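Visitor: This is the structure alone, sequence omitted:
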């Protein structure tokens, strides 16, 4: 009636038990365990990774390592030192090596390597995400995301399970996959044909599907939507609730690091996945940010002994939070902002997340999609994808909505476009700074 788990499935199950324990540890307990992980990683990196062995700042410490003085690894440095960051003696017991390439949303993809050992954590945290989101793993799951080489074009691909993680628990529910390169009308029609219980896609795709749903009301099966790959605007949660009557559950991850934070089971903020990484939020002076203060995300991979990324500045901004009332003691991220190019710069040089009131703009242009580009500290360009030319009155109203929300009287150019720009990996950015 039931089968015995495979060795891989058994490891995922065992890891899930350990994750249940670790998410309730005290601050002192988890700090002790994480310090041991960091010390072991540092010892391995300094003995076997050329980049860290030869780094002048590390050598100047003469063995007396200070974590807050340990050099930060930037994305550019990672790209320039790919070979030097690979260990000359990766542990044989960590299994085969796996190549990863980021989507290249910043212009140039990042190439990293990892091992089967690290993938066990990926699978275990995938299962944790399903459990935290309260998904019934007997239901159908559909995903719309970008795939290269025209894979999974309409009518898409079908499978008899969600993946290794859910199979470890004995679930074999159907899943389906469609390439996000299909038009939005095709994506919506495909979902109506599939009628899934759960959907995984990008926030920008979800926003457009929600607008179609408000008009057509043909997709009524969704219980939960999981967002990946892009920043999730707070306004989208409200729109999805209005269109589909369900909750959005967000994921913060990357190809280089894996899972960094998962959305809280009870609230809209996130819990850092300390079992997988050490995540710091630092200010301009490389000091830890206090709750509510925006800073740069600097992350250390704890289990990638093939290509250790220590204090890697991934390029995102986030806001740390305080304690959570859900019973999980893992650190809180109040908000994930996105990359430097997703921040608005004011004339005085200060930066902030661009709260430009997208819900009001959607009411003004109900059939349109839009994107804002910052051209200078005084100029913005509002790109509107619509078949109907916006009236001068609507343009003036849009300018007022944006300026009132952002908090500065920018000069705003309205630009009607046939298609909004996406990265080579299919990702969309609602705000892009060009300065």
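Guide: Done, it's in. Since the structure is predicted, the reported quantities are computational estimates derived from the model, not experimental observations.

Visitor: pretty sure residue 251 belongs to a strand, no?
Guide: Yes. According to DSSP: H, G, I helix; E, B strand; the rest coil, the state of residue 251 is that of a strand.

Visitor: Can you report how many residues neighbour the closest residue to it other than its chain neighbours?
Guide: Excluding the flanking residues, the one nearest residue 251 by CB to CB, 6 or more residues apart in numbering is residue 228, at 5.3 Å. Using the backbone N, CA and C atoms, a C-beta is placed for each residue, glycine as well. Other residues near residue 228 come to 16 when the count uses other CB atoms under 10 Å.

Visitor: ditto for residue 335
Guide: Neighbours of residue 335 (other CB under 10 Å): 19.

Visitor: confidence score at the residue nearest to residue 251?
Guide: As predicted, residue 228 sits at a pLDDT of 92.

Visitor: Also residue 258?
Guide: 94.

Visitor: Can you read off the backbone torsions of it?
Guide: phi 90, psi -150 (degrees, to the nearest 10).

Visitor: distance of it from residue 192?
Guide: 33 Å (CB to CB, to the nearest Å).

Visitor: Give me the contact list for stretch 130-142.
Guide: Residues outside stretch 130-142 that contact it (CB atoms under 8 Å, 6 or more residues apart in numbering) are 16, 162, 165-166, 169, 171, 173-178, 191, 194-200, 223-224, 226, 249, 262-265.

Visitor: Please flag which of those residues sit within helices.
Guide: Counting by DSSP state H, the contacts of stretch 130-142 place 16, 165-166, 191, 194 in helices.

Visitor: quick one on the thing from earlier: just list the residues touching the residue nearest to residue 251, thanks.
Guide: Residue 228 touches 145, 200-202, 251, 253, counting by CB under 8 Å, 6+ apart.

Visitor: For residue 338, state which of the residues you listed is nearest.
Guide: residue 202 (13.0 Å; CB to CB).

Visitor: isn't the closest one right up against residue 233?
Guide: No. If you go by CB atoms under 8 Å, residue 202 and residue 233 don't touch, sitting 12.0 Å apart.

Visitor: Next, show the common contact partners of the two.
Guide: Common contacts of residue 202 and residue 233 (CB under 8 Å, 6+ apart): none found.

Visitor: Just the pLDDT for the residue nearest to residue 69 when sequence neighbours are not counted.
Guide: Of all residues not flanking residue 69 in the chain, residue 61 sits nearest, at 7.1 Å (CB to CB, 6+ apart). Residue 61 is assigned a pLDDT of 92 by the prediction.

Visitor: surely residue 61 meets residue 68?
Guide: No. Taking contacts as CB under 8 Å, residue 61 lies outside contact range of residue 68: 11.7 Å.

Visitor: More neighbours: those two, which one.
Guide: residue 61 (13 against 10).

Visitor: Any stretches of this structure with poor pLDDT?
Guide: Scanning the chain for pLDDT under 70 picks out 1-2, 102-109, 339-341, 353, 422-427.

Visitor: Residue 117: what's it in contact with?
Guide: Contacts of residue 117 (CB under 8 Å, 6+ apart): 91, 93-95, 303, 305.

Visitor: And the strands in the stretch 251-400 of the chain, which stretches?
Guide: Under the criterion DSSP state E, counting those that start in this stretch, strands of the stretch 251-400 of the chain are mapped to 258-263, 270-272, 277-282, 295-301, 312-320, 332-339, 344-345, 351-352, 369-374, 379-385.

Visitor: Just the buried ones from the contacts of stretch 130-142, in PyMOL syntax?
Guide: In PyMOL, a selection of the buried entries from those looks like this (16 or more other CB atoms under 10 Å):
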select buried, resi 16+162+165+166+169+171+173+174+175+176+177+178+191+194+196+197+198+199+200+223+224+226+249+262+263+264+265
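
Visitor: The lengthiest helix in the chain packs against which elements?
Guide: For the chain, the longest helix by residue count, based on DSSP H, is helix 27-48. If you count contacts as 3 or more CB pairs under 8 Å, 6 or more residues apart in numbering; DSSP states H and E, helix 27-48 packs onto helix 50-54, strand 277-282, strand 295-301.

Visitor: Just send the ones you listed back as JSON lines, with distance to residue 210 and mean neighbour count too.
Guide: Formatted as JSON lines, these follow (distance: least, CB to CB, whole Å; neighbours: other CB atoms under 10 Å):
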{"stretch": "helix 50-54", "distance to residue 210": "45", "mean neighbour count": "17"}
{"stretch": "strand 277-282", "distance to residue 210": "30", "mean neighbour count": "21"}
{"stretch": "strand 295-301", "distance to residue 210": "28", "mean neighbour count": "23"}
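
Visitor: Serialize those to CSV and add fields for distance to residue 380.
Guide: Converted to CSV, the helices and strands packed on helix 27-48 look like this (distance: least, CB to CB, whole Å):
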stretch, distance to residue 380
helix 50-54, 40
strand 277-282, 27
strand 295-301, 24
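
Visitor: closest one to residue 116 among the ones you listed?
Guide: Here strand 295-301 is closest among the helices and strands packed on helix 27-48 (CB to CB), at 14.8 Å.

Visitor: Mind listing the strands the closest one pairs with, and their directions?
Guide: Strand 295-301 has the following sheet partners, assigned by DSSP bridges: strand 277-282 (antiparallel), strand 312-320 (antiparallel).

Visitor: Now do the last one and strand 258-263, the angle between them.
Guide: Right, strand 312-320. 10 degrees (axes from the mean of the first three to the mean of the last three CA atoms, to 10 degrees).

Visitor: Pick the one among the contacts of residue 228 closest to residue 433.
Guide: Nearest member of those to residue 433, counting by CB to CB, is residue 202, at 20.3 Å.

Visitor: Tell me if I'm right that residue 214 and residue 241 touch.
Guide: No. Contact criterion CB under 8 Å: residue 214 and residue 241 do not qualify, at 11.6 Å.

Visitor: for residue 51, what are its contacts?
Guide: 81, 84-85.

Visitor: Report the buried members of the residues you listed.
Guide: Buried among these (16+ other CB under 10 Å): 81, 85.

Visitor: any idea how far the residue nearest to the spatial centre of the chain is from residue 372?
Guide: What sits nearest the mean C-alpha location of the chain, by CA atoms, centre = their mean, is residue 252, with 3.3 Å. Distance of residue 252 to residue 372, computed by CB to CB: 23 Å.
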